[in-house]
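In: Pasting the sequence and the predicted coordinates here, then a few questions.
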Amino acid sequence: MTAKAIGLLVLDVSGPHLLRDGRVITDLANQRGYTLAGLVTIAHDTFMPTTLIVATACRNGASTIIAPSVDHIKHNARAIAIACDLITPTHRIPCTSPDRRGGMS
């Protein structure tokens, strides 16, 4: 069984490069051995985007969020990392949950 991930696109960041950014997510998932279980798109008027991202990951059994660049996660990275790993082409932010790190029982 392969690990599951959720793609993340922030529409205001992608702008006219939405298709390219979607391909970056797909390619990165394939390179790292993840199965993409879904895609979250965030617009400027998305209500509680961090909650939406984490809830979507949990609902789909995903342990990782994949974004095409740090700009897509920069405002939410610390909060999301409590529940999931974050991966971009240039960065990896590991989950900080003690349960996921194996620190607490």
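Out: Cool, got the structure. Numbering: from 1, shown residues only.
In: pretty sure Leu39 is in a strand, no?
Out: Yes: using DSSP: H, G, I helix; E, B strand; the rest coil, the assignment for Leu39 is a strand.
In: how close does it sit to Thr96?
Out: When C-beta to C-beta, to the nearest Å is applied, the distance between Leu39 and Thr96 equals 24 Å. Yep, even glycine has a C-beta here, placed from its N, CA and C like the rest.
In: Burial check on Thr56, number of neighbours?
Out: Under the neighbour criterion other C-beta atoms under 10 Å, Thr56 is assigned a count of 18.
In: Now it. Nearest residue, chain neighbours left out?
Out: Taking C-beta to C-beta, 6 or more residues apart in numbering, and ignoring the residues beside it in sequence, Thr56 has Val40 as its nearest neighbour in space, at 5.1 Å.
In: all helices of this protein, in order?
Out: Secondary structure of the chain by DSSP state H: the helices cover 11-14, 18-32, 49-59, 77-80, 98-101.
In: Let me have those helices in a markdown table, adding distance to His91 and mean pLDDT as columns.
Out: Supplementary listing: the helices of the chain in a markdown table, determined by distance: least, C-beta to C-beta, whole Å; pLDDT from 0 to 100:
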| stretch | distance to His91 | mean pLDDT |
| --- | --- | --- |
| helix 11-14 | 15 | 95 |
| helix 18-32 | 11 | 97 |
| helix 49-59 | 16 | 96 |
| helix 77-80 | 9 | 92 |
| helix 98-101 | 18 | 64 |
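In: Any idea which of those gets closest to Ala67?
Out: When these are compared by C-beta to C-beta, helix 18-32 sits nearest Ala67, at 7.1 Å.
In: centroid residue for the chain?
Out: Per C-alpha atoms, centre = their mean, the C-alpha nearest to the average position across the chain is that of Ile65, at 1.9 Å.
In: Does that residue touch Ala55 like I think?
Out: No: here Ile65 does not reach Ala55: they are 11.9 Å apart, not a contact under C-beta atoms under 8 Å.
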